[in-house]
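Trainee: I need the structure of the sequence given here:
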Amino acid sequence: MVRLQRFGRVLALTALLGAVLVIGLPATASAHGGIDDEAVTATNYRSVVVALDPRAAGLDARMVDAGQRIEITNHTGGEVIVAGYEGEPYLRLVGGEVWVNTRSPAAYLNVDATGTAAVPDTADASAPPEWERIGTGDRAAWHDHRTHWMGAGDHPLVETDPDTEQLLYPWTVPVQAGGVAVEVQGELRWVPGPDPLPWSVGIVVVAVGVALLGLTRWWRPAAVVAGTALLVVTVAATVDAWLASPAGLGDKIMALTLPGLGWLLVGGSLVLLGQRPTEAPMVLAGGAAGLGMLFGWTSRAYFSSSQLPVASSADLVRLLVAAALALGVGLTGLGALAWWRQGASGARRSFLEPTADGPPVAS
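Mentor: A predicted model of the protein is given here:
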């Protein structure tokens with residue numbers, strides 16, 4: 001009875017921590033920098049800056065977050081103003097500070113990638129600007145609807161020929177640098193993604209193979225190897241996400257909360273294997289399920305998308321995501337099966353152990 005109660009406590013705690021990991025996924029996914037709070041997703045639309053016309057010394061522009069945000073950097077030593085959709089002043093970068101014009105409709109439309117946010121009555125493109133400081137530094141990144149496809153479905157050219165890379169349209173974002181008008185010129189292209197089938201097959205094969213090891217006598221060394229591998233690939237994926245994100249240091253540290261909880265559960269379970277072999281499998285299963293969801297399942301679109309919000313190679317990050325998902329699912333199964341197997345073995349041992357009144361009698 002005591003062992004059963006202990007199993008119940010461990011199972012309840014593991015389920016609670018796993019639920020915290022899963023429920024907290026949306027908060028982690030949207031922990032970005034920039035002048036909005038929209039999560040970055042994988043896509044097959046490739047938006048790139050191709051030129052600044054005319055060139056302005058110290059002014060730079062690029063697309064970040066898989067082409068879903070444009071970033072302006074001001075090293076001109078003067079003032080840079082970005083125009084909104086009606087030509088009004090929208091953003092101002094000067095003296096190491098970033099300001100937004102609260103009268104600009106773009107200040108509200110750019111909150112998300114769909115441009116459907118409510119615009120208050122106080123917004124008026126023809127009114128004198130009212131500047132509000134929103135950050136420090138020499139750069140700003142935001143969703144700009146001129147730079148990406150805004151349709152409800154795919155672009156008509158994509159619907160006609162989805163398997164061919166093609167130019168969809170050019171775009172421009174007007175900027176003033178030191179009073180000189182500059183056009184940030186770019187283009188939006190469609191780049192078909194890879195075939196997700198090989199990734200899916202590999203994930204299933206690895207996950208099933210790891211899980212079935214929970215029914216063997218080698219489940220402990222298998223758990224150590226697979227658990228260590230899960231920690232390594234998820235830490236590597238975190239480093240890549242850290243490098244790719246334009247978020248501030250504080251936001252990046254806060255985004256480590258949920259992965260840290262998963263690492264604690266998995267790492268702790270590997271330590272417990274030698275001391276608490278009956279409880280450790282369920283702790284391992286809970287932590288692995290959380291990490292598999294956090295780093296694998298939420299990024300499953302990476303397997304069919306060409307444009308990923310990553311700092312390193314897209315194929316390398318796909319491999320990390322596939323490994324996280326396969327190992328997360330596999331270790332969840334391994335932990336559950338090992339726990340069940342030990343419980344069944346314990347029940348058989350209890351049945352065969354002699355009682356105080358003599359040998360056991362089969363009923």
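Trainee: all helices for the stretch 201-350 of the chain, in order.
Mentor: 219-244, 249-254, 257-272, 280-291, 314-352 (DSSP state H, counting those that start in this stretch).
Trainee: need the winner for burial among the ones you listed.
Mentor: Stretch with highest mean neighbour count among the helices of the stretch 201-350 of the chain: helix 280-291 (a mean of 28; mean count of other Cβ atoms under 10 Å). In short, each C-beta sits where N, CA and C put it, glycine included.
Trainee: report the mean per-residue pLDDT for it.
Mentor: The average pLDDT within helix 280-291 is 93.
Trainee: same question for stretch 150-159.
Mentor: 91.
Trainee: would you list every one of the strands in the protein?
Mentor: Using DSSP state E, the strands of the chain run over 45-53, 59-64, 69-74, 80-83, 89-94, 97-101, 131-136, 139-142, 166-177, 180-190.
Trainee: before we move on, the earlier item: a markdown table for the helices of the stretch 201-350 of the chain, including distance to T160?
Mentor: Shown next, in a markdown table, are the helices of the stretch 201-350 of the chain (distance: least, Cβ to Cβ, whole Å):
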| stretch | distance to T160 |
| --- | --- |
| helix 219-244 | 32 |
| helix 249-254 | 40 |
| helix 257-272 | 42 |
| helix 280-291 | 41 |
| helix 314-352 | 26 |
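Trainee: wait, which of those is closest to N110?
Mentor: helix 249-254 (18.3 Å; Cβ to Cβ).
Trainee: and that closest one, how far out from the chain's middle?
Mentor: 14 Å (Cα atoms, centre = their mean, to the nearest Å).
Trainee: likewise stretch 230-237?
Mentor: 13 Å.
Trainee: what is the mean pLDDT for it?
Mentor: 96.
Trainee: out of the helices of the stretch 201-350 of the chain, nearest to I70?
Mentor: helix 219-244 (15.5 Å).
Trainee: any idea what the nearest residue to D60 once chain neighbours are set aside is bridged to?
Mentor: Distances taken as Cβ to Cβ, 6 or more residues apart in numbering place T73 nearest to D60, at 4.3 Å, with adjacent residues excluded. Beta-bridge pairing of T73, defined through DSSP bridges, involves D60, R139.
Trainee: list the contacts of T73.
Mentor: 59-61, 138-139 (Cβ atoms under 8 Å, 6 or more residues apart in numbering).
Trainee: hmm, back to that, for W149, which of the helices of the stretch 201-350 of the chain is the nearest?
Mentor: Of the helices of the stretch 201-350 of the chain, nearest to W149 by Cβ to Cβ is helix 314-352, at 20.0 Å.
Trainee: for that closest one, name the packing helices and strands.
Mentor: If contacts are counted by 3 or more Cβ pairs under 8 Å, 6 or more residues apart in numbering; DSSP states H and E, helix 314-352 sits against helix 2-23, helix 197-212, helix 219-244, helix 280-291.
Trainee: would you mind giving those as CSV with distance to G335 added?
Mentor: Listed next are those as CSV, based on distance: least, Cβ to Cβ, whole Å:
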stretch, distance to G335
helix 2-23, 9
helix 197-212, 9
helix 219-244, 7
helix 280-291, 3
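Trainee: of those, which is nearest S47?
Mentor: helix 219-244 (15.9 Å).
Trainee: same for the closest one, what does it pack against?
Mentor: helix 257-272, helix 280-291, helix 314-352.
Trainee: G178 versus the residue nearest to D60, what's the distance?
Mentor: Taking Cβ to Cβ, to the nearest Å as the measure, T73 falls 15 Å from G178.
Trainee: out of the strands of the chain, flag the one nearest V283.
Mentor: Proximity to V283 (Cβ to Cβ) singles out strand 59-64 among those, at 38.1 Å.
Trainee: report the buried residues of stretch 303-316.
Mentor: Using 16 or more other Cβ atoms under 10 Å as the test for burial, stretch 303-316 gives 303-310, 314.
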